[in-house]
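1. sequence and predicted structure below; questions after.
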Amino acid sequence: MDHQDELVPHVLIFPLPIQSPVNSMLKLAELLCLAGHRVTFLNTKHNHNRLLRCTNIQSRLDQYQGRFLLEKVDDGLPDEDPRTAEQFTEILDSLQSVAEPFLREVLCGERFSCNSSKRPPITCIIADGSYYYVLDVAEEMGIPLIFFETISPCCLWVYMCVPKLIEAGELPFKG
């Protein structure tokens, strides 16, 4: 890595593991790459595999000539788990238990799945606002953090309330 590479900002993007936030943050990552930044996109293994299977993500990344890299973290759930909206809080809790130590390793430069010796250090983190624990890790490492909300509060409220409405028999609507 030469001196010029060290001057290029390297942003770690960590979206909520739901389709809309992942898509929104992928778009943000592409915009940052177009502005000349390096981006490491941290996604759950489950969503990473879905991206590879159902999209042309690799060809999209190739146009950024190594500035856009995918990294994956286990979400702590078994592979056969369906990861439904009803499990939203369970997924977040499980992810936190795995992602918090993983983030420390990534930010220390100890853990990247590929090209670890060629990657410059992370200079900024953009994480979903639901990941409150990322603030502690960022402060501990002295790395600036930007919380980025990709879903509206009313949408989040729906995710939290629908299972209770189904349980109460209010959904699905009768008649």
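-> Received the coordinates, thanks. Numbers count the residues shown, from 1 in each chain.
2. so, low pLDDT: which residues of this protein?
-> 1-6, 110-118 (pLDDT under 70).
3. grab the longest helix from it for me.
-> What stands out as the longest helix in the chain, according to DSSP state H, is helix 88-107.
4. list the buried residues of that one.
-> 88, 91-92, 94-96, 98-99, 102-103, 106-107 (16 or more other C-beta atoms under 10 Å). Placement of C-beta: from N, CA and C, glycine included.
5. dump those residues into JSON lines; add distance to N49 as well.
-> Converted to JSON lines, those look like this (distance: C-beta to C-beta, whole Å):
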{"residue": "F88", "distance to N49": "20"}
{"residue": "I91", "distance to N49": "15"}
{"residue": "L92", "distance to N49": "19"}
{"residue": "S94", "distance to N49": "17"}
{"residue": "L95", "distance to N49": "15"}
{"residue": "Q96", "distance to N49": "21"}
{"residue": "V98", "distance to N49": "16"}
{"residue": "A99", "distance to N49": "17"}
{"residue": "F102", "distance to N49": "17"}
{"residue": "L103", "distance to N49": "20"}
{"residue": "V106", "distance to N49": "19"}
{"residue": "L107", "distance to N49": "24"}
